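Q: 3D model of this:
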Amino acid sequence: MRLVRFSAGDGAARIGVLDPETARSIVPLRGAATMADLLALPLERIREICENPGGEPVPLAGASLLAPVDGHTDVWAAGVTYERSRAARVVESEHEADVYERVYTAERPELFFKSTAWRVAGPGGAVSVRADSEVTVPEPELAAVLNYAGEVAGYTICNDMSSRSIEGQNPLYLPQAKIYLGGCAAGPWIRPAWEVFDPYALTIEMTIFRGGSVAWQGHTSTSGLRRRIGELAGFLFREDEFPAGVVLSTGTCLVPDLPFTLREGDQISIRIDEIGELVNGVVRGKAAVGTQLFR
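A: Next up, the predicted model:
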């Protein structure tokens, strides 16, 4: 089953499930108009609605998939949750490299706000490198989709775009390195949690194409995730509330070595076993992002 957010015909955004039999149509959900509405429900109710959508099927050929996040649902992210991420942060940091060493083994994880829903690019949308950044990379991550109670309702793919050059200058520049227009993509859909047997045994692959050729390629596994999703969610919900749910990206383990940087015109493909493939083109600067995100 694939839970999707899509537009068709009149252009209005709706949510539904891909036809589990043929994957040629989308069945709109009854009882939830938006993804935020769905995540405001208990997990049992979410499953009941998804397994019994009851809407009139919409041909997949006439629909456009959108980012599977809307309304007041935020995207948050975790950092330094893989050994590779710790090493990359230490290498790029010009000062205070030991903060990344310390947080990797600390009791409290690194958690940071990533994006509001309207800023998230969906499948086929554009991600951006900041015009004032010398080195920007995509960060392919497994993201847990949590309901209002912090329960894992499903999983999606998140591209946590990051300016390595800005963050490397000073750890306090993390928000500028991570949070900007065109700095986050998610999709192509949500795979329900009850259909993913083991989220810690998924292969993650990323390929960056440039001029029709492979500019960078790598793969790894979520088995290297040091912190469990329940632990990350517990810290996120410890002193905060998310009435419309939250997407929690669990950290990266594929980081191109310096001095590699994305360029305008690149295409990023991220695949995660059992979840799907997220593809986004790259532009430079906020003016190039356009109005596609305002949906």
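
Q: now do the contacts for residue 289.
A: Counting by C-beta atoms under 8 Å, 6 or more residues apart in numbering, residue 289 touches 126, 128, 181-182, 283. (Glycine included, C-beta is placed from N, CA and C.)

Q: any chance of a markdown table for those, columns distance to residue 191?
A: Formatted as a markdown table, the contacts of residue 289 follow (distance: C-beta to C-beta, whole Å):
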| residue | distance to residue 191 |
| --- | --- |
| 126 | 24 |
| 128 | 27 |
| 181 | 28 |
| 182 | 25 |
| 283 | 28 |
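
Q: highest neighbour count among those residues?
A: With neighbours taken as other C-beta atoms under 10 Å, the top of the contacts of residue 289 is residue 128, carrying 27 neighbours.

Q: from residue 148, how far out is that residue?
A: As judged by C-beta to C-beta, to the nearest Å, residue 128 and residue 148 stand 31 Å apart.

Q: cool, and residue 34?
A: Distance, residue 34 to residue 148, by C-beta to C-beta: 14 Å.

Q: same deal with residue 199?
A: Noted for residue 199: a distance of 20 Å to residue 148, by C-beta to C-beta.

Q: just the strands from the stretch 151-295 of the chain, written as ranges.
A: In the stretch 151-295 of the chain, the strands defined using DSSP state E, counting those that start in this stretch lie at 152-160, 162-163, 184-192, 203-210, 213-221, 246-249, 267-272, 276-284.

Q: quick one: closest of those to residue 52.
A: Residue 52 lies closest to strand 184-192 among the strands of the stretch 151-295 of the chain, at 13.2 Å (C-beta to C-beta).

Q: list the residues that contact the residue nearest to the spatial centre of the chain.
A: The centre of the chain sits closest to residue 158, judged by C-alpha atoms, centre = their mean, with a distance of 1.7 Å. Contacts for residue 158 were tallied using C-beta under 8 Å, 6+ apart; they are 75, 77, 114, 140-143, 184-186, 247, 249.

Q: mind redoing it with 7 Å?
A: Taking C-beta atoms under 7 Å, 6 or more residues apart in numbering, we find residue 158 in contact with 75, 141, 143, 186, 247, 249.

Q: and for residue 17?
A: Counting by C-beta under 7 Å, 6+ apart, residue 17 has contacts 1-4, 27, 29, 50, 53.

Q: any idea which of the strands of the stretch 151-295 of the chain is most buried?
A: Among these, strand 246-249 has the highest mean neighbour count (mean count of other C-beta atoms under 10 Å), at a mean of 28.

Q: and it, what does it pack onto?
A: strand 74-79, strand 140-146, strand 152-160, helix 229-237 (3 or more C-beta pairs under 7 Å, 6 or more residues apart in numbering; DSSP states H and E).

Q: for it, the distance to its chain's centre please.
A: Centre-to-centre, strand 246-249 and its host chain are 7 Å apart (C-alpha atoms, centre = their mean, to the nearest Å).

Q: what pairs with that strand, parallel or antiparallel?
A: Counting by DSSP bridges, the strands paired with strand 246-249 are strand 74-79 (parallel), strand 140-146 (antiparallel).

Q: pull the residues that contact that strand.
A: Residues contacting strand 246-249 (C-beta under 7 Å, 6+ apart): 69, 73-78, 114, 141, 143-146, 156, 158, 160, 186, 232-233, 236.
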